[in-house]
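[1] From the sequence below, what's the structure:
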Amino acid sequence: MMKKYLLLFCALSIFLTGCSSKFAYNNIDWLMYWYIDDYVELDKTQKKLLDGHVAQWMTWHRQDELTEYKTQLEQIKLQVSQDDVSAQQWEQHFNNAKQHWVRFRDHISPELARLAPSLTDEQVNALFAELDKENQKRIEERLDGNFEKRLKKNIKNTQENAREFIGKLSLEQKNIIESFADDFQSSFDLWMAYRQRIQSAAHQMLLNERKDANFKEKFLALLSHPETYQDEKLAQISTHNNQVYASMLAALTKSVSPKQKRKAIDELQDIIDDISDLQKD
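    Below is the predicted model:
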């Protein structure tokens, strides 16, 4: 059941936010590693405590949040069926999708802050050693290729994503995706610097301050306001890329054939049906 929820959440985030779907992973995904054995080995008491919280989170998510997802998807389906989804409407959907994540983050953050003091120094250091290894891997992968190679890969991935949703692309649709590709701005260096800053702050706080009286308050502030560790230029690039992506989706929406529209509506309905099934579980 947990895996099914996570897959659905990821699928919805990717569909609604495109490149900005990284938001759902970059802000506090490192905290979720607490209960992933590859990163932190929890003792029996910690696992039992966390399991109880996870069960509560998922109950809340099923009862409250899935309805929000379904409402938004129903709105997108209606707009697609009416042949008119503007760039501004797509941007609003991105913002709504971001709020889904913010509500989830804000719901679990207080309990994560309360659980944090139970970690040992060994567990804290192990967690952030793995995260640093992951960061270095991403940097190395980034360096393994030039701009042209990355651009071609992004175009290919975007075309494949569109094909899965609306079916075989026309030449016009392929050209739409290619024409917008150059307008996206790279945020990798700024994003990696932000990721390392917030991880370093969390590492030091967990290692040196988790027994302090005001630790929970300080750590909750870090979880709830990750944007304070973000460079202003990164926020500007994110906004710009969202606008480009929204304009591309608007152009693609206008270009779909009747057959492609039917497939898109069917795909949306499948996700809506999956949400309904989850609500019944």
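
[2] where does this structure dip in pLDDT?
    Residues of the chain that meet the criterion pLDDT under 70 lie in 1-40, 281.

[3] just the strands in it please.
    Counting by DSSP state E, one finds no strands in the chain.

[4] need the contact list for the residue lying farthest from the centre of the chain.
    Most distant residue from the mean C-alpha position of the chain: residue 213, 32.4 Å away (Cα atoms, centre = their mean). With contacts defined as Cβ atoms under 8 Å, 6 or more residues apart in numbering, residue 213 has no neighbours. For the C-beta atoms, the positions are set from N, CA and C on the backbone; glycine is no exception.

[5] what are the phi and psi values for it?
    phi -60, psi -30 (degrees, to the nearest 10).

[6] distance of it from residue 222?
    Applying Cβ to Cβ, to the nearest Å, the value for residue 213 to residue 222 is 17 Å.

[7] just residue 41 next, same as before
    On the measure of Cβ to Cβ, residue 41 and residue 222 end up 24 Å apart.

[8] can you count the residues close to residue 105?
    When counting by other Cβ atoms under 10 Å, one arrives at 17 neighbours for residue 105.

[9] surely it meets residue 224?
    Yes. Using Cβ atoms under 8 Å, residue 105 makes contact with residue 224 at a distance of 7.3 Å.

[10] picking up where we left off before, residue 41 and residue 222: which is more packed in?
    residue 222 (19 against 11).

[11] quick one, what contacts the more buried one?
    Residue 222 is in contact with 198, 201-202, 205, counting by Cβ under 8 Å, 6+ apart.

[12] got it, and residue 231?
    Residues near residue 231 by Cβ under 8 Å, 6+ apart: 190, 193-194.

[13] Got the phi and psi for it?
    phi -70, psi 140.

[14] got it, and residue 42?
    phi -80, psi 150.

[15] isn't it right next to residue 50, touching?
    Yes. If you go by Cβ under 8 Å, residue 42 and residue 50 touch, sitting 6.8 Å apart.

[16] circling back to that earlier point, out of the contacts of residue 231, which is nearest to residue 233?
    residue 190 (5.9 Å; Cβ to Cβ).

[17] Of all pairs in the contacts of residue 222, which one is the farthest apart?
    Largest separation among those by Cβ to Cβ: 198 and 205, giving 10.4 Å.

[18] More neighbours: which of these two?
    Between residue 198 and residue 205, residue 198 has the larger neighbour count (other Cβ under 10 Å), namely 21 against 17.

[19] For residue 195, see how far away the closest residue to the more buried one other than its chain neighbours is.
    Leaving out its chain neighbours, the residue that sits closest to residue 198 by Cβ to Cβ, 6 or more residues apart in numbering is residue 229, at 4.2 Å. Going from residue 229 to residue 195 by Cβ to Cβ gives 9 Å.

[20] Have a look at those two and say which one is more surrounded.
    Each of residue 229 and residue 195 has its neighbours counted (other Cβ under 10 Å); residue 195 has more, 22 against 19.

[21] Quick check: the more buried one touching residue 135?
    Yes. Contact between residue 195 and residue 135 holds when scored by Cβ under 8 Å: they sit 6.5 Å apart.

[22] ok, now which ones touch residue 203?
    Contacts for residue 203 were tallied using Cβ under 8 Å, 6+ apart; they are 124, 128.

[23] what do you get for residue 269?
    If you count contacts by Cβ under 8 Å, 6+ apart, residue 269 has them with residue 77.

[24] what's the distance between it and residue 276?
    From residue 269 to residue 276 the distance is 10 Å (Cβ to Cβ).

[25] ditto for residue 195
    With Cβ to Cβ as the criterion, residue 195 and residue 276 are 36 Å apart.

[26] How about residue 219?
    On the measure of Cβ to Cβ, residue 219 and residue 276 end up 37 Å apart.

[27] Which one's more surrounded, these two?
    With neighbours defined as other Cβ under 10 Å, residue 219 and residue 276 compare such that residue 219 has more, 25 against 11.

[28] Which residue is the nearest non-sequential neighbour of the more buried one?
    The spatially closest residue to residue 219, leaving aside those adjacent along the chain, is residue 113, at 4.6 Å (Cβ to Cβ, 6+ apart).

[29] which residues sit in contact with that neighbour?
    Applying Cβ under 8 Å, 6+ apart, we find residue 113 in contact with 215-217, 219-220, 223.
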